[in-house]
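1. got a predicted structure plus its sequence, pasted below:
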Amino acid sequence: MFGLEPHVLLLLAACLIAACAFEFVNGFHDTANAVATVIYTNALRPWVAVIWSAFWNFIGVLTGGVAVAMTIVYLLPVESLVDGNVYHGIAMVGALIIGAIIWNIGTWYYGLPSSSSHALIGSILGVGIAYSFLPGVNNSGVNWGKAGDTGLALLVGPAFGFTLTILLMFLLRRVIKDKSIFKEPHKHKPPPLWIRLILVVTCTLVSYFHGSNDGQKGVGLIMLILIGIVPTYFALDHTKNPLDMRDSLVRVEQVMSRVNVPELSQDDQKTVGEIRVQTNALDRIFEGKTKVEQIPQSDRFEIRKAILLLSNRAKLIQESEKVRLSTRDRQTLEDGLKGLKSFTDYAPTWVFIIVSLSLGIGTMVGWQRIVKTIGERIGKEHLSYAQGASSELVAASMIGISSALGLPASTTHVLTSSIAGSMVASRGVKNVNPVMVRNIALAWVLTLPVTMTLSGLLFLLFRAIMPS
């Protein structure tokens with residue numbers, strides 16, 4: 001299968017199982033945030049809430065697309081992804097998965113709602129940084145531009161969640177006359193029907209958007225595994241004919257031919273030269289080919305490499321102030337690049353299915369610890385109906401916006417920040433439980449450095465013990 005030796009195929013299967021385990025852990029770790037409010041307020045029975053949330057996580061993964069998944073994939077530089085040594089790929093994916101799982105299970109055990117997103121991203125960054133220390137490696141090991149965008153998105157989400165929930169709570173207090181929704185839920189009675197429906201809807205939205213965002217991270221993780229271990233087979237989307245990308249390539253070449261190279265800076269001239277190297281490489285591969293079967297598997301890997309390098313360099317040209325292109329040319333270039341990337345930015349259907357199942361099943365296990373933290377320990381008062389509904393509504397909105405923009409979001413960070421905001425809105429800053437907030441904040445602060453260190457050390461260890 002895939003032309004791999006039996007022991008390598010076994011390692012591939014182990015890595016895929018580990019990725020599914022990560023999504024399983026993500027399910028019972030992060031998705032507890034989605035069901036916490038409906039369970040704690042008696043809006044739904046626990047088993048109904050968990051199954052309902054699992055179902056919408058499943059749907060979210062299947063319909064979420066691949067934008068966030070590709071953000072995860074491209075945190076590592078192109079050079080790291082196109083290393084042809086299969087054992088190097090195994091070392092990479094094994095280290096980042098194990099590092100993330102260790103941290104997730106540890107924080108879950110202590111009931112701390114830390115972020116699976118941060119754990120995965122920290123592990124990827126740790127592997128990339130460790131990769132840069134290897135002999136003969138001349139790049140930073142991390143796509144810091146993409147990492148910066150990702151980090152900014154993960155910081156902005158909780159800040160907006162905290163602020164918007166305070167504003168929403170103030171609005172609810174002014175508009176809603178039934179003050180019972182601002183009181184502690186009765187232990188044995190469900191809330192009023194209208195607030196119950198709102199809580200169920202917000203739980204559904206958080207579950208769906210969690211699936212569409214966090215599920216995509218799992219998809220990106222599995223694509224890292226497949227590209228790292230079986231690069232020639234999963235280099236391009238098998239449902240498309242590689243020869244069809246020639247029209248997009250022609251568009252890029254036409255626009256680049258109209259760039260006045262002599263008037264550019266030295267760096268821009270170098271970038272244009274690199275673009276032409278990649279377009280020429282693609283032209284050579286396609287020359288004389290009329291059927292997809294005429295393109296060897298090894299050449300498909302080279303096509304992927306050329307497209308990714310071409311896309312990166314073209315982005316620099318698009319952003320350069322000294323490159324003079326008409327609006328029409330810029331749009332043509334953008335369309336051409338989009339057409340080329342459609343062959344590399346993909347995931348097979350079976351990947352979506354196994355991630356959906358792993359996340360959905362994980363949702364139905366181990367949710368109790370996090371639910372108790374969310375409902376009772378973030379604030380000094382028990383979570384009210386209004387606090388639960390407003391927190392989840394804001395969290396769902398923030399995660400949905402992040403998914404639409406192709407940015408990873410932390411369900412845990414956004415929701416816990418929103419709940420903290422709802423507590424502040426009720427009785428001021430003193431209403432927040434300082435001990436629990438400190439513990440949660442400590443878990444947030446430690447997630448990146450700990451997972452980066454864990455995965456980096458594991459990567460160097462695996463590279464040392466595996467064949468060169």
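-> Looks like it came in fine.

2. C-alpha from now on. contacts and neighbour counts both.
-> Fine.

3. now for the protein, the helix or strand with the poorest mean pLDDT.
-> None of the helices or strands of the chain scores lower by mean pLDDT, DSSP states H and E than helix 78-81, at a mean of 54.

4. give me the neighbour count for residue 63.
-> The local packing of residue 63 (other Cα atoms under 10 Å) involves 13 other residues.

5. was I right about it contacting residue 212?
-> Yes - under the criterion of Cα atoms under 8 Å, residue 63 makes contact with residue 212 at 6.8 Å.

6. in what helix or strand does residue 233 lie?
-> For residue 233, there is no host helix or strand (DSSP states H and E).

7. check the one 3 residues further on too.
-> Under the assignment given by DSSP H and E, residue 236 is not contained in any helix or strand.

8. need phi/psi at it.
-> Dihedral pair for residue 236: phi -130, psi 160, per degrees, to the nearest 10.

9. OK, contacts around it?
-> Taking Cα atoms under 8 Å, 6 or more residues apart in numbering as the criterion, residue 236 is in contact with 242, 300-301, 304, 343-344, 346.

10. excluding covalently adjacent residues, which one is nearest to the residue nearest to the spatial centre of the chain?
-> The centre of the chain sits closest to residue 217, judged by Cα atoms, centre = their mean, with a distance of 3.5 Å. Residue nearest to residue 217 in three dimensions, not counting chain neighbours: residue 69, with 5.1 Å by Cα to Cα, 6 or more residues apart in numbering.

11. now residue 360
-> Counting by Cα to Cα, 6+ apart, the residue nearest residue 360 is residue 54, at 4.2 Å.

12. one more: residue 247?
-> residue 336 (7.8 Å).

13. and that neighbour, how far from residue 327?
-> Distance of residue 336 to residue 327, computed by Cα to Cα, to the nearest Å: 14 Å.

14. can you name the residues in contact with stretch 128-146?
-> For stretch 128-146, using Cα under 8 Å, 6+ apart, the contacting residues are 71, 74-77, 80, 125, 127, 456-457, 459-460.

15. any idea which of these has the most stuff around it?
-> With neighbours taken as other Cα under 10 Å, the top of the contacts of stretch 128-146 is residue 127, carrying 32 neighbours.

16. ok but residue 365 is inside a helix, no?
-> No - counting by DSSP: H, G, I helix; E, B strand; the rest coil, one finds residue 365 to be coil, located in no helix.

17. related to what we said a few turns ago, roughly how far does the residue nearest to residue 360 sit from residue 164?
-> Distance, residue 54 to residue 164, using Cα to Cα: 27 Å.

18. who's more crowded, these two?
-> residue 54 (30 against 21).

19. for that one, give me its contacts.
-> Each residue near residue 54 by Cα under 8 Å, 6+ apart is listed here: 207, 359-364.

20. can you tell me which of those residues comes closest to residue 276?
-> Set against residue 276, the nearest of the contacts of residue 54 by Cα to Cα is residue 359 (43.1 Å).

21. separation between that closest one and residue 60?
-> 10 Å.

22. any shared contact partners between these two?
-> Residues touching both residue 359 and residue 60 (Cα under 8 Å, 6+ apart) are 211, 215.

23. just checking, what packs against the helix or strand where residue 207 lies?
-> Using DSSP H and E, residue 207 sits in helix 193-229. Packing contacts for helix 193-229, counted by 3 or more Cα pairs under 8 Å, 6 or more residues apart in numbering; DSSP states H and E, involve helix 6-30, helix 32-40, helix 46-63, helix 67-73, helix 78-81, helix 86-109, helix 349-363, helix 385-404.

24. the second one vs helix 46-63, what angle?
-> Comparing the axes of helix 32-40 and helix 46-63 via axes from the mean of the first three to the mean of the last three Cα atoms, to 10 degrees yields an angle of 150 degrees.

25. now do helix 32-40: distance to the chain's middle.
-> Centroid displacement of helix 32-40 relative to its chain, using Cα atoms, centre = their mean, to the nearest Å, is 22 Å.

26. for it, which helices and strands make contact with it?
-> helix 46-63, helix 193-229, helix 368-372, helix 385-404, helix 411-427.

27. buried residues in the first one, which are they?
-> This means helix 46-63. Using 16 or more other Cα atoms under 10 Å as the test for burial, helix 46-63 gives 46, 49-62.

28. which one among these gets closest to residue 316?
-> The closest of the buried residues of helix 46-63, once distances to residue 316 are taken by Cα to Cα, is residue 61, at 32.1 Å.

29. you'd agree that closest one is up against residue 212?
-> Yes - assessed by Cα under 8 Å, residue 61 is found in contact with residue 212 at 4.7 Å.

30. what distance separates the strand or helix carrying residue 151 from the centre of its chain?
-> Applying DSSP H and E as the criterion places residue 151 in helix 144-175. Its chain's C-alpha centre and that of helix 144-175 lie 18 Å apart, by Cα atoms, centre = their mean.

31. ok, now stretch 173-185?
-> Counting by Cα atoms, centre = their mean, stretch 173-185 is centred 37 Å from the centre of its parent chain.

32. dump that stretch to CSV, keeping only the CA atoms.
-> Only the C-alpha atoms of stretch 173-185 are listed here, as CSV (Å, rounded to 0.1, in the frame of the first residue of the first chain):
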residue,chain,number,x,y,z
ARG,A,173,-30.3,43.5,32.2
ARG,A,174,-31.9,46.6,30.6
VAL,A,175,-34.2,44.8,28.1
ILE,A,176,-35.4,41.6,29.9
LYS,A,177,-37.9,42.1,32.8
ASP,A,178,-37.8,38.5,34.0
LYS,A,179,-35.0,38.7,36.5
SER,A,180,-35.1,35.0,37.3
ILE,A,181,-32.7,34.3,34.4
PHE,A,182,-30.0,36.3,36.3
LYS,A,183,-30.3,34.0,39.3
GLU,A,184,-28.6,30.7,40.1
PRO,A,185,-30.3,27.8,38.3
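
33. buried set for that stretch?
-> By 16+ other Cα under 10 Å, the buried positions in stretch 173-185 come out as 173, 181-182, 185.

34. find the nearest non-adjacent residue to residue 278, please.
-> Computed as Cα to Cα, 6+ apart, the closest residue to residue 278 that is not its neighbour in sequence is residue 306, at 5.2 Å.

35. if we can go back for a sec, adding mean pLDDT and distance to residue 20 as columns, could you present the helices and strands packed on helix 32-40 in TSV?
-> Converted to TSV, the helices and strands packed on helix 32-40 look like this (pLDDT from 0 to 100; distance: least, Cα to Cα, whole Å):
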stretch	mean pLDDT	distance to residue 20
helix 46-63	86	13
helix 193-229	86	8
helix 368-372	58	21
helix 385-404	86	21
helix 411-427	79	19
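
36. can you lay out those helices as JSON lines showing distance to residue 90?
-> Converted to JSON lines, those look like this (distance: least, Cα to Cα, whole Å):
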{"stretch": "helix 46-63", "distance to residue 90": "25"}
{"stretch": "helix 193-229", "distance to residue 90": "6"}
{"stretch": "helix 368-372", "distance to residue 90": "33"}
{"stretch": "helix 385-404", "distance to residue 90": "29"}
{"stretch": "helix 411-427", "distance to residue 90": "29"}
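
37. distance check, residue 163 against residue 172.
-> According to Cα to Cα, residue 163 stands 15 Å off from residue 172.

38. that concludes my questions; thank you for your assistance.
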